[in-house]
Every structure is written in C-alpha cells, then in structure tokens.
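Novice: Have a look at this prediction, sequence included:
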Amino acid sequence: MRLTKEEQLMLDGDKGKGVQQAMEILVKMGELYGANRFLPVKNAHIDAAAYTTIWDAGTEFIEYLVDNGAKVAVPTTINPVSRDIRNWEKLGTTKKFAKKSKRLEDAYLKLGVIPTWTCAPYQCTNVPVFGEVVSWSESNAVNFINSVVGAKAERLPDLVDVCCAVVGRVPEYGLYKDENRAGDVLIRLEYFNDAWFRDSVDYAILGYRIGELVVNKVPVIAGLPDHTTPDDLKALSAAAASGGAVALFHVIGITPEAPNLKTAFHGRNDYDVINITPKVFRETEKRLSSANREEVDLVLVGCPHLSFPELKEIAGLLAGKHTAKDTKFWIHTSRTVYDLAARAGIAQVIEKSGAVILNDTCLMKMDCEGVWKGQHFVTNSGKAAQYAPAIAGVDITMANLKGCVKTALTGKRPKRRLY
C-alpha cells in the first residue's frame, strides 16, 4: 500500500505503540483486499462493544490500545453492550457478568468513544452525509448509511473497526469505490396491492428474502411505495444484512443513488431480474415463524433499536392497558431516544403498562445462554427472527407492530396476517 508521510509515521511507531498496532493491522487488511491506499474518514461506528461478541481477548486488545496511548482520531459512536447499564440487576444479569461487561465499557470510554451504546446511531447521534467516507461496522448500520444516506462504508470486521477509528483511516476497497456501488440484480415487486408495506415488518420480511437471494450483491428494488419511511428502510437494512450479507441496496425513486434504473445500475443493462410476489413473501414469513404454540413468553421489538416515532406508536397502543401476566414485553432503544421519550411522557405510558424499555443493550448481545431455550418469542424484526433461535434457542412468530402489542396484552400468538 502507498502510505502518506503521516501514515508511515503511524506505522513506524512515532504516534505510539497503540496507534502502531492499529496501523499494522490495517496495512495487512488493505493488502489482503488489494487496496492501494488509505482513505481519511470523517467519523466511525464500532460494533465490537458487547462482551458476548469479543469476550476477554477482545477486551484485552482494547485495553492494550489504551495502555499504549491510543485514542479515537475521529468522532466515534459505538454499538450496544451486553447489559442494561442502569437496570442490569432487574433483568437477570449476574454480578460476575456485569463486571466483565463494565470492564470493556470502561476501556472504550478511555479510548474516547461517544457512549451511544446503540446499533442505530444514524437516528440519534451519528448522521453521515451523502458521499461522506466513514469507517463503520454493525451490519444494519452499514447497510442503512450506504443505502439510505448514500455515505460510503464497508462491513468492517470487529476490532478492525476499532483500528480504523484510532487511525482515522480505512483501506480503499469494496463499496468505497464508486464502480462497486452499481446495482447487480433488479428485484421487481409484482402483484402487491395497497394493503402491503403498511408496517415495517413487511420491509423486514422483504429484506430477509432479498438477502437470501442476492447474498452479497447490490440489489435494486423496484415497486416500493412512496410512503416508505426511514424506519421501514431500517427494518429492510437489518433483515437484508442478516438473511444474506447485503451492505448496499438501491430503491428506485427513494434512495439517493437510485432516482431511476439507469442511474442505479450505472448505465448497465446486463443485470439479472428477480420477481417477488405475495406468494414468495408468504413463504418467507412462514419460514421465519417457527413457533407452533399459542402461548407467548416474550414479545421483542427494537432490533435494531427503536426510534422516537416507533415508541410513540407503541405508547398509543398501550395507553390505559396492561401486559399479560405471563408474557414479557421487551422494547429496545438507545438511551438518547429513551430520554426524549421520557421528556415527552411516552416512556412513562409504556412502562406503566408493564412493558420494559431496555437501554444500552439488546437481547442478542446479553448473556442469554440457556435462559430462553424452548420459549416462544413474537417479534417484528427480521434480524431477531434470524439470530434469536440460534443465540437463545427460541421459537419465533413474526408479527407487525400492532400484532406485537396485541400479543403482549393477551399473551397469545397473533393470527397470521391476511392480505
């Protein structure tokens, strides 16, 4: 790789051993991907925040960087940790596990990160602009800012993302190059009437199916309605990155790099076409819904973390009601969004119903080995439907947001939606 004078100084150790270690790793990564140079980045987002993600070895690596003088070089937000920092005892986290999580949290604070502890920093703190080069990880976040914002990012591996934040640079490869941002496959939606795509769960199921179909190619989606919201695209982003490895998609007439087909495909016309119909959609939903019993143990929403408008909608559905005795309702959001909801009186309405709002964490990141095995979850998240069975050993039923709230109130699985 061709290094600038400043980059060579980092590699030579003039900026300290911590920075040198980070640069050595990134040079090796750049060579592996065939990068010729580094790109300066404006901001960063780190995925490797949860103890259950990087364990003791990862914690020791962050501490090594800190002990050897490293600090993040650009504004850097960070993903959820493995506990609700304020309420971990109430949620069943052990003192031993909380101590390990806190050790990692403290190391990151010493590194200089902004303690957002959220997988959706783009809706509360860290909002890149179109064309901006950033170093991000967390699959839903990378997919969202690439696709919906039009910033430039790649799915960086855990701890490599930390190295990029420390040196303020990323190897130029993959989606950092304009030629790699062209669409590869046209996803055409056919025979969907106005009853479809009125809730983010439809976008989650669609995203999951697209991920399965294209794996890591760039899909171009035609046929989504004009009323599609950022929260809808958040659900699509997370599911497409979980069902496959999608890091960039285009939606004709909606996302910034796709005002039309020609632009989305960079003028090419030799792309494949895949049609998705309601039949394909129902088959995908059925596969994601693995549960076969009526009683529900937990309703899970907020994977990725919920926005203020989503919390407001939930509060409206829960007002004056109480959740079922034997069914937990867990709602995940960032502390920033939670504090806004509390100031608006929304959080209090939700919590009065018996629902629990978790901050700083996500069930997918918590110490849940054996805790939930064999239980039945209802969720509107394609990402949770993909990962929760493997991580927590649960059965899943997919539902829209109203169905999730109704389930929390009745304790019974919602009826399959009819279109």
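Specialist: Done, it's in.
Novice: next structured bit after the longest strand seen in the chain?
Specialist: Counting residues, the longest strand in the chain under DSSP state E turns out to be strand 298-306. Using DSSP states H and E, the helix or strand that directly follows strand 298-306 along the chain is helix 308-318.
Novice: who touches the residue nearest in space to the middle of the chain in this structure?
Specialist: Nearest to the mean C-alpha position of the chain, counting by CA atoms, centre = their mean, stands residue 140 at 3.3 Å. Residues counted as contacts of residue 140 (CB atoms under 8 Å, 6 or more residues apart in numbering) are 119-120, 234, 237-238, 241-242, 304, 383. (Each C-beta comes from the backbone N, C-alpha and C, glycine too.)
Novice: low-scoring stretches of the stretch 201-350 of the chain, by residue?
Specialist: Judged against pLDDT under 70, the stretch 201-350 of the chain has no low-scoring part.
Novice: Now do the helices in the stretch 201-350 of the chain.
Specialist: Counting by DSSP state H, counting those that start in this stretch, the stretch 201-350 of the chain has helices at residues 230-243, 261-264, 278-288, 308-318, 335-343, 346-352.
Novice: To residue 359, which of the ones you listed lies closest?
Specialist: Smallest distance to residue 359 across those (CB to CB): 4.2 Å, for helix 335-343.
Novice: Mind giving me the packing neighbours of the closest one?
Specialist: Applying 3 or more CB pairs under 8 Å, 6 or more residues apart in numbering; DSSP states H and E, one finds that helix 335-343 contacts helix 308-318, helix 346-352.
Novice: Adding mean neighbour count and distance to residue 158, write the ones you listed out as JSON lines.
Specialist: Converted to JSON lines, the helices and strands packed on helix 335-343 look like this (neighbours: other CB atoms under 10 Å; distance: least, CB to CB, whole Å):
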{"stretch": "helix 308-318", "mean neighbour count": "19", "distance to residue 158": "27"}
{"stretch": "helix 346-352", "mean neighbour count": "19", "distance to residue 158": "31"}
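Novice: Can you convert these into CSV and add a column each for distance to residue 163?
Specialist: Output for those, formatted as CSV (distance: least, CB to CB, whole Å):
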stretch, distance to residue 163
helix 308-318, 33
helix 346-352, 37
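Novice: about what we covered before: out of the contacts of residue 140, grab the one that's most surrounded.
Specialist: For the contacts of residue 140, the largest number of neighbours (other CB atoms under 10 Å) sits with residue 237, at 33 neighbours.
Novice: returning to what we had before: any chance of the helices of the stretch 201-350 of the chain in TSV with distance to residue 32 as columns?
Specialist: Shown next, in TSV, are the helices of the stretch 201-350 of the chain (distance: least, CB to CB, whole Å):
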stretch	distance to residue 32
helix 230-243	22
helix 261-264	29
helix 278-288	34
helix 308-318	39
helix 335-343	36
helix 346-352	46
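Novice: Looking at the ones you listed, which is nearest to residue 364?
Specialist: Comparison of the helices of the stretch 201-350 of the chain against residue 364 by CB to CB identifies helix 230-243 as nearest, at 10.3 Å.
Novice: Which pair in the contacts of residue 140 has the greatest spatial separation?
Specialist: The span of the contacts of residue 140, defined through CB to CB, is set by 120 and 242 at 14.5 Å.
Novice: picking that back up, and of the helices and strands packed on helix 335-343, who's closest to residue 402?
Specialist: Across the helices and strands packed on helix 335-343 (criterion: CB to CB), the nearest stretch is helix 308-318, sitting at 6.5 Å.
Novice: how about the strands of this protein, start to end?
Specialist: Using DSSP E, the strands of the chain run over residues 38-40, 44-46, 76-78, 135-136, 169-171, 185-189, 219-222, 250-251, 272-276, 298-306, 328-333, 356-358, 376-379, 395-398.
Novice: Make a markdown table from those strands and add distance to residue 55 to it.
Specialist: Putting the strands of the chain into a markdown table (distance: least, CB to CB, whole Å) gives the following:
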| stretch | distance to residue 55 |
| --- | --- |
| strand 38-40 | 29 |
| strand 44-46 | 16 |
| strand 76-78 | 17 |
| strand 135-136 | 22 |
| strand 169-171 | 25 |
| strand 185-189 | 37 |
| strand 219-222 | 34 |
| strand 250-251 | 37 |
| strand 272-276 | 39 |
| strand 298-306 | 21 |
| strand 328-333 | 22 |
| strand 356-358 | 22 |
| strand 376-379 | 25 |
| strand 395-398 | 26 |
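Novice: Look at the closest residue to residue 156 other than its chain neighbours and say how many residues are nearby.
Specialist: In this structure, residue 156 finds its nearest non-sequential neighbour in residue 137, 4.3 Å apart by CB to CB, 6 or more residues apart in numbering. Here the number of neighbours of residue 137 (other CB under 10 Å) works out to 24.
Novice: So residue 137 sits against residue 45, correct?
Specialist: Yes. Proximity of residue 137 to residue 45 meets the contact threshold set by CB atoms under 8 Å, at 6.7 Å.
Novice: what residues are shared contacts of these two?
Specialist: Taking CB under 8 Å, 6+ apart as the contact rule, residue 137 and residue 45 both touch 79, 161.
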